[in-house]
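K.L.:
any chance you could fold what I've pasted below:
(chains A and B, ligands or ions: 2)
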Amino acid sequence: MSAVDFWLGRHRDLAANLPGAELPWLARLRETAIDRFADEGWPTMRRENWRHTSLAFMAQQALAVREAAATEAIVADLRARYRTVQGPENEVACAADGHWLVFVDGRLAPALSSIGSLPSGVRVGSLADALAQTPEAVEAAFGRAEEGEAPEALNAALAADGAWIRLARGSLVDEPIHLVFIAARTADQHLRNLVVAEAGAQATIVEHYPAGAAGSTLTTAVTRIHAAQDSHLGHLKLQQEAPEAIHLAALSAEQARGAVFASHSLSFGARLARNDIRTRLAGEGAEALLNGLYHADGRRHVDHHTRIDHARPQGTSREFYRGLLDGSARGVFTGRILVAQDAQRTDAMQRCDNLLLSRLAEADARPELEIYADDVKCAHGATVGQLDEDALFYLRSRGIDSAHARQLLTYAFAAEVLERIAHAPLRALGRAALLERLPGGARLEELS
Amino acid sequence: MLKINNLHAAIDGKEILKGLDLEVADGEVHAIMGPNGSGKSTLAQVLAGRDTFTVTDGGVDWDGADLLALPAEERARAGLFLAFQYPVEIPGVSNAYFLKAAVNAVRRHRGLSEYDAMDFLAKVKAEMKAVGMKEEFLYRSVNEGFSGGEKKRNEVLQMALLEPRLAVLDETDSGLDIDALKIVAEGVNRLRSPERSMIVITHYQRLLDYIVPDKVHVLSQGRIVRSGGRELALELEEHGYGWIGAAQADDTGKGMSGGAGRVAQTGGAGASAGARS
Ligand SMILES: Nc1ncnc2c1ncn2[C@@H]1O[C@H](COP(=O)(O)OP(=O)(O)OP(=O)(O)O)[C@@H](O)[C@H]1O
Ligand SMILES: [Mg+2]
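P.N.:
Numbering: from 1, shown residues only, chains lettered A, B, ... in the order given. Ligands and ions are numbered 1, 2, ... in the order given. Purely as a prediction, here's the structure:
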């Protein structure tokens, strides 16, 4: 059972042995976090930010692994794919293989990782190691027990490891930093990834959640990004967890003056996936892109809850989400945009478009705008619709069968999101993941 | 041989075709003229298999087969081609992919080998040259942002690539400048052959100077009300439709497919749909 008491017990058993347990600030934080989780419990639809997604079922949910995952094979496959998408057409030498940190069941697996060579001043390693080596730096980046939603508190209380990425002033990491998280043998994993980018630093970080163990598993993942002045950070998340998995994640960024941050969330797996994505434009002239694509079929549920905080003047934010919902799946999108009184000349734009591929599929898209400044540009739009019948008929009238026509239009609708991923091999990786999800995807491969 | 017999078709309970008869023999070119809203595009779409129209009576025999029993894609594979009055824009699907998928679907059906990428490119480039289309149109999304005339050329390009046995051209001449009109007419004439028949829907007798029809028909209020030779088009040009008892411009608007976005839109502030909500 996964009732609140179970997690209190888990915390009691683990707390003394978690990395950093000897650090008073961390022990206190974990204590406060578990108390908060005990207090709030799993969110239900009565809670403000959970209008369409309830985790009440978790109280009765038994988490268990039915079949462990073959971690070596998963990592080898992922790396092979990444090599394939770096064809000459993507203008990247095959030798450029990126930096890989692999976590198995919530802990770094050094044997499966290969960090490669990094520019000086760049650190890519495990949180557990960083807690031992530079605890003050971790403390500044760790976050608080009060932050976010209840699952984030659970994560703060239980997370033993995750990635620790520190980019020194002006450093530039050319190749993406890949973080791979595999649920292999244990029914739950809790990851906390901390990224600290100093002024002018540039990097792209990819979070992979490939399908791991079969069975009801729980992943909680919290990624916190500190983007100092004029830094450029890209973040791609590829969520492809196993069909019975529960995936609860939060990504939060803080952007200083002129910092540019792009988040691409591709959510294709898990039985229930919830992504809380927040960024705060805390300095003047910061730019944020929140880009996302979700696909769910069967009885699966996917929820993106986003929040963009325009705190200072002249910030720009662009938010584009698209959803594909099939079977009796449900997709939820909430796009909250806050423009503070001080955030004059803010330019914000948000769109969420959903395609219902079956009669029983369901989508909710909700912009929530709160604007306190008077000189702002703020546009938003949300749609839920079906495939265009005129386009379907046009394709069929040319001899293309109706199944292929549907796949083609579905893919074309989704692919627009992928076009915004600037890094060509990552874009290709996203495309391959999408085609894998879509029926008849193989036929569409030459479409790009 | 195409035989349309007492065809009745309705949309949303409204009857549009009201007992239409027409026979087109192999190798013949027939022109259909008629006032706005008389049912010309409806006829074209029903022939192509658009199922938003319900056939309520009558039938269509094509070389001894029941045309109306086939789904749209099978009609296309069997050699029927409709050049749309309003070609549809398909964002995100490149013209090249679309054309290749269409040509190969049709070739597969006809027992021909599928084109590989190289052969296809050579073929399509040659045909594009013939209809005066620049190569860049291969890499743009299907019809997206094409001008009216460019869309029509793209229709003629598709026709040339698919080599139909029966082509229905719905106002392919509308919106074309005089040079384009000649190019399009040449494209049609190049396809003319004893096995191929064509139905050319137009408002302008000018087109028939270039594509000389075997027969001209007047469609009004859902029926063929007059048939004749070429000279009928000239008389219509001079006198309008009134003199043959056809309703004068029962203009109900050009409402076939205008303004269709890719996704039907609901709501501005938020959107929500589905059985459970
Ligand atoms: N989807 C539809 N829903 C309702 N009415 C329709 C629909 N499609 C066509 N109609 C109606 O059917 C009638 C015939 O339309 P059709 O497009 O066939 O005319 P047309 O002869 O092609 O006209 P034009 O010369 O303007 O192209 C018109 O009154 C039109 O409004
Ligand atoms: Mg018409």
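K.L.:
what about the strands in the stretch 151-300 of chain A?
P.N.:
Using DSSP state E, counting those that start in this stretch, the strands of the stretch 151-300 of chain A run over A:163-167, A:177-182, A:188-197, A:202-209, A:214-216, A:218-227, A:232-239, A:246-255, A:260-267, A:272-281, A:287-296.
K.L.:
so for residue A:141, which of the ones you listed sits nearest?
P.N.:
With Cβ to Cβ as the measure, strand A:188-197 is the member of the strands of the stretch 151-300 of chain A nearest residue A:141 (4.4 Å). Backbone N, C-alpha and C define where each C-beta goes, glycine included.
K.L.:
distance from the closest one to the middle of the chain?
P.N.:
Here strand A:188-197 is found 11 Å from its chain centre; the criterion is Cα atoms, centre = their mean, to the nearest Å.
K.L.:
just stretch B:117-132 next, same as before
P.N.:
Centroid separation for stretch B:117-132 versus its chain: 22 Å, with Cα atoms, centre = their mean.
K.L.:
which residues are contacting that stretch?
P.N.:
A:446, B:96, B:99-100, B:103-104, B:115, B:134-135, B:137-138, B:153, B:156-157, B:160-161, B:180, B:183-184, B:186-187, B:190 (Cβ atoms under 8 Å, 6 or more residues apart in numbering or on different chains).
K.L.:
change it to 10 Å
P.N.:
The contact list for stretch B:117-132 (Cβ atoms under 10 Å, 6 or more residues apart in numbering or on different chains) reads A:446, B:95-96, B:99-100, B:103-104, B:113-115, B:133-135, B:137-138, B:149-150, B:152-161, B:179-180, B:182-184, B:186-187, B:190.
K.L.:
out of those, which end up buried?
P.N.:
Buried subset of the contacts of stretch B:117-132 (neighbour count, 16 or more other Cβ atoms under 10 Å in any protein chain shown): B:95-96, B:99-100, B:103-104, B:115, B:133, B:137-138, B:149-150, B:152-161, B:180, B:183-184, B:186-187.
K.L.:
what about those residues, which are in helices?
P.N.:
B:95-96, B:99-100, B:103-104, B:149-150, B:152-161, B:180, B:183-184, B:186-187 (DSSP state H).
K.L.:
near chain A, list only the ones from these.
P.N.:
Restricting those to those touching chain A (Cβ under 10 Å from any Cβ of the partner chain) yields B:96, B:99, B:100, B:103, B:104, B:158, B:161.
K.L.:
ok, the fourth one touching residue B:162?
P.N.:
Yep, that's residue B:103 we're talking about. Yes - using Cβ atoms under 10 Å, residue B:103 is in contact with residue B:162, at 6.5 Å.
K.L.:
coming back round to it: ok, and of the ones in helices among the buried ones among the contacts of stretch B:117-132, which contact ligand 2?
P.N.:
Taking Cβ under 5 Å from the ion as the test, ligand 2 is in contact with none of those.
K.L.:
for the residue nearest to residue B:114 when sequence neighbours are not counted, give me its contacts.
P.N.:
The shortest distance from residue B:114 to any non-neighbouring residue, by Cβ to Cβ, 6 or more residues apart in numbering or on different chains, is to residue B:104 (4.3 Å). The contact partners of residue B:104, by Cβ under 10 Å, 6+ apart, come to A:399, A:400, B:112, B:113, B:114, B:115, B:116, B:120.
K.L.:
of all these, which comes closest to ligand 1?
P.N.:
residue A:400 (22.4 Å; Cβ to the nearest ligand atom).
K.L.:
mean confidence for whichever strand or helix holds residue A:404?
P.N.:
Take DSSP states H and E as the rule and residue A:404 turns out to sit in helix A:402-418. Averaged across helix A:402-418, pLDDT comes to 94.
K.L.:
just the angle for it relative to strand A:260-267, thanks.
P.N.:
In terms of direction (axes from the mean of the first three to the mean of the last three Cα atoms, to 10 degrees), helix A:402-418 departs from strand A:260-267 by 150 degrees.
K.L.:
could you dump the strands of the stretch 151-300 of chain A into JSON lines and include mean pLDDT, mean neighbour count and distance to residue B:9?
P.N.:
Shown next, in JSON lines, are the strands of the stretch 151-300 of chain A (pLDDT from 0 to 100; neighbours: other Cβ atoms under 10 Å in any protein chain shown; distance: least, Cβ to Cβ, whole Å):
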{"stretch": "strand A:163-167", "mean pLDDT": "98", "mean neighbour count": "26", "distance to residue B:9": "63"}
{"stretch": "strand A:177-182", "mean pLDDT": "98", "mean neighbour count": "25", "distance to residue B:9": "58"}
{"stretch": "strand A:188-197", "mean pLDDT": "98", "mean neighbour count": "24", "distance to residue B:9": "61"}
{"stretch": "strand A:202-209", "mean pLDDT": "98", "mean neighbour count": "23", "distance to residue B:9": "52"}
{"stretch": "strand A:214-216", "mean pLDDT": "96", "mean neighbour count": "18", "distance to residue B:9": "53"}
{"stretch": "strand A:218-227", "mean pLDDT": "98", "mean neighbour count": "24", "distance to residue B:9": "56"}
{"stretch": "strand A:232-239", "mean pLDDT": "98", "mean neighbour count": "22", "distance to residue B:9": "48"}
{"stretch": "strand A:246-255", "mean pLDDT": "98", "mean neighbour count": "24", "distance to residue B:9": "51"}
{"stretch": "strand A:260-267", "mean pLDDT": "98", "mean neighbour count": "23", "distance to residue B:9": "45"}
{"stretch": "strand A:272-281", "mean pLDDT": "98", "mean neighbour count": "24", "distance to residue B:9": "47"}
{"stretch": "strand A:287-296", "mean pLDDT": "98", "mean neighbour count": "24", "distance to residue B:9": "38"}
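K.L.:
in JSON lines: the ones you listed, plus distance to residue A:322.
P.N.:
Output for the strands of the stretch 151-300 of chain A, formatted as JSON lines (distance: least, Cβ to Cβ, whole Å):
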{"stretch": "strand A:163-167", "distance to residue A:322": "28"}
{"stretch": "strand A:177-182", "distance to residue A:322": "24"}
{"stretch": "strand A:188-197", "distance to residue A:322": "25"}
{"stretch": "strand A:202-209", "distance to residue A:322": "20"}
{"stretch": "strand A:214-216", "distance to residue A:322": "29"}
{"stretch": "strand A:218-227", "distance to residue A:322": "22"}
{"stretch": "strand A:232-239", "distance to residue A:322": "15"}
{"stretch": "strand A:246-255", "distance to residue A:322": "18"}
{"stretch": "strand A:260-267", "distance to residue A:322": "11"}
{"stretch": "strand A:272-281", "distance to residue A:322": "14"}
{"stretch": "strand A:287-296", "distance to residue A:322": "5"}
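K.L.:
where does the chain have low pLDDT?
P.N.:
This is for chain A. A:1, A:87-96, A:446-448 (pLDDT under 70).
K.L.:
meant chain B, my bad for not saying
P.N.:
B:245-277.
K.L.:
the helices in it, which residues?
P.N.:
Under DSSP H, chain B gives helices at B:40-48, B:72-77, B:95-109, B:117-130, B:148-162, B:178-191, B:207-210, B:230-239.
K.L.:
among those helices, which is nearest residue A:382?
P.N.:
Per Cβ to Cβ, nearest to residue A:382 of the helices of chain B: helix B:95-109, 28.9 Å.
K.L.:
what does chain A have sitting close to ligand 1?
P.N.:
For chain A, no residue is in contact with ligand 1 (Cβ under 6 Å from any ligand atom).
K.L.:
can I see the domain layout of chain A?
P.N.:
As recorded under automatic domain parsing, the domains making up chain A are A:3-283, A:391-448.
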